[in-house]
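Engineer: what shape does this take:
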Amino acid sequence: MDIGNNGNGSEKTVNVKINPKTDFPIYVGFRIILNENDPEGYTYQMWKFERPGLPQPTLDPVHTVDTSLKGTGTAGNSVTATVNGETQTATVAADGRYQLTFAQPISTNNQTVLVTEMENSNADVFTGEHASVTGEVLALPTVSPTTATIEYTADDLNNLEGKSQQEVVNWIAQKANLKATGADNLVFMTESVDALQILKVAQKTGSTQFKIYAQTKEGQKSSAATVIAKYAGGILAFGAVPEQVDFGTFELPRLQSQKHWLANSSQLVVRDTRTGAKHWQLSAKLIKSAVNGQSFKGQLCYQDAEHPLSDAASLIKAGQGIGDEIVRLDGAQGLYLNVQPHNLAGTYAGEIEWTLQDVPGQNGG
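Structural biologist: As a prediction, the model looks like this:
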């Protein structure tokens with residue numbers, strides 16, 4: 001292109017239209033022709049622009065259980081990979097991300113995977129080239145042992161008070177001697193929302209269990225280990241107490257007393273997880289029983305009509321041993337009303353106060 005002579009110290013701008021798909025390499029320079037007898041003149045090359053190469057795609061960490069390959073590339077280009085004999089192709093999305101999904105997990109059959117990116121023929125700068133990335137197939141992390149049992153005390157609960165969920169889970173994992181392998185920077189996790197609260201509840205129930213797994217920073221999880229947490233020393237507590245008991249509807253007696261047993265199924269559970277077969281006693285007393293301000297004429301009894309419940313505690317049952325003991329409140333051996341004549345018609349309501357006590361055994365237990 002002859003731009004002519006504009007004189008000493010003059011400037012001139014030259015606009016050159018280039019086809020980016022074909023006009024490579026591009027040389028930038030100038031030639032000086034001093035006279036017509038020397039048409040070659042003096043040529044000076046200042047820059048050379050080669051066809052731009054395709055940026056290398058990336059590949060997110062790949063694990064044996066994955067069924068897809070994910071990474072980044074140039075938007076609009078295609079990416080291809082073959083895994084376990086299955087070939088999949090996808091287009092890099094506008095945000096630069098791609099995903100190749102396969103029918104089967106990557107599995108341990110593959111030590112590495114290869115993703116190849118091909119340039120879109122409609123790209124602004126078509127190189128006609130491809131780029132690829134290779135990734136190592138990683139095994140999922142593991143946690144060992146797969147089962148463990150720990151004991152904890154009231155002091156442990158006090159020490160864990162105010163700790164974060166992660167700190168409590170780490171404490172459980174350390175207590176259970178769990179080891180996580182297979183990746184760097186693994187974190188112990190559990191699906192339980194509030195591990196400390198679960199431990200507090202188990203202080204009353206005796207034990208609980210957690211599913212503890214290890215997780216990578218990318219969110220890959222190991223199989224879970226089962227950790228059983230037992231409250232050391234055990235507890236004596238109610239396992240279940242009915243909110244209400246119902247004697248149903250019946251006709252009031254006129255001349256002689258009548259017995260009426262519970263109309264609904266009902267039971268009370270005593271839970272004793274203490275070691276050494278400790279002894280306990282269950283007692284009950286009647287707080288109130290009235291209708292329209294009138295006292296109920298009759299007795300609320302348990303098993304023996306000679307010992308009706310009153311405002312003084314009456315022994316219901318004594319026991320010992322580790323585990324749950326069911327105290328039936330329904331049936332002929334449970335609670336019943338001994339209804340006397342001359343009661344007012346209406347709905348009678350009362351309150352029973354149940355008391356569970358630790359008592360010495362014959363040998364002081």
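Engineer: grab the longest strand from this protein for me.
Structural biologist: For the chain, the longest strand by residue count, based on DSSP state E, is strand 279-291.
Engineer: partner strands of that strand, with direction?
Structural biologist: strand 294-295 (antiparallel), strand 314-320 (antiparallel), strand 349-359 (antiparallel) (DSSP bridges).
Engineer: contact partners of that strand?
Structural biologist: Outside of strand 279-291, the residues that reach it under the criterion CB atoms under 8 Å, 6 or more residues apart in numbering are 236, 268, 270, 272, 295-296, 300, 302, 309-320, 327, 343-344, 346-361, 365. From N, CA and C alone the C-beta is placed, and that goes for glycine too.
Engineer: narrow these to those that are buried.
Structural biologist: Neighbour-count burial within the contacts of strand 279-291 applies to 236, 268, 270, 272, 296, 300, 302, 309, 314, 316-317, 320, 327, 343, 348, 352, 354, 356; the criterion is 16 or more other CB atoms under 10 Å.
Engineer: just to be sure, D156 is in a helix?
Structural biologist: Yes - note on D156: a helix contains this position according to DSSP: H, G, I helix; E, B strand; the rest coil.
Engineer: gap between it and I172?
Structural biologist: Here the distance between D156 and I172 works out to 10 Å (CB to CB, to the nearest Å).
Engineer: for E353, same thing?
Structural biologist: The spacing between E353 and I172, counted by CB to CB, is 38 Å.
Engineer: quick one: the helices in the stretch 151-300 of the chain?
Structural biologist: Counting by DSSP state H, counting those that start in this stretch, the segments of the stretch 151-300 of the chain that form helices are 154-160, 165-175, 195-205.
Engineer: out of those, nearest to T58?
Structural biologist: Each of the helices of the stretch 151-300 of the chain was scored for nearness to T58 using CB to CB, and the closest is helix 165-175 (29.8 Å).
Engineer: give the other helices and strands that that closest one contacts.
Structural biologist: strand 147-152, helix 154-160, strand 187-190, helix 195-205, strand 207-215, strand 225-231 (3 or more CB pairs under 8 Å, 6 or more residues apart in numbering; DSSP states H and E).
Engineer: any buried residues in it, and which?
Structural biologist: Neighbour-count burial for helix 165-175 flags V168, V169, N170, W171, I172, A173, K175 (criterion: 16+ other CB under 10 Å).
Engineer: rebuild those as CSV, extending it with distance to D60 and pLDDT.
Structural biologist: Formatted as CSV, those follow (distance: CB to CB, whole Å; pLDDT from 0 to 100):
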residue, distance to D60, pLDDT
V168, 31, 97
V169, 26, 97
N170, 27, 97
W171, 32, 97
I172, 31, 97
A173, 27, 97
K175, 34, 96
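Engineer: so can I have a markdown table of the helices of the stretch 151-300 of the chain showing distance to W47?
Structural biologist: Converted to a markdown table, the helices of the stretch 151-300 of the chain look like this (distance: least, CB to CB, whole Å):
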| stretch | distance to W47 |
| --- | --- |
| helix 154-160 | 68 |
| helix 165-175 | 57 |
| helix 195-205 | 65 |
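Engineer: for A90, find the nearest of the ones you listed.
Structural biologist: Using CB to CB as the measure, helix 165-175 is the one of those that comes nearest A90, at 36.6 Å.
Engineer: all good on my end, thank you.
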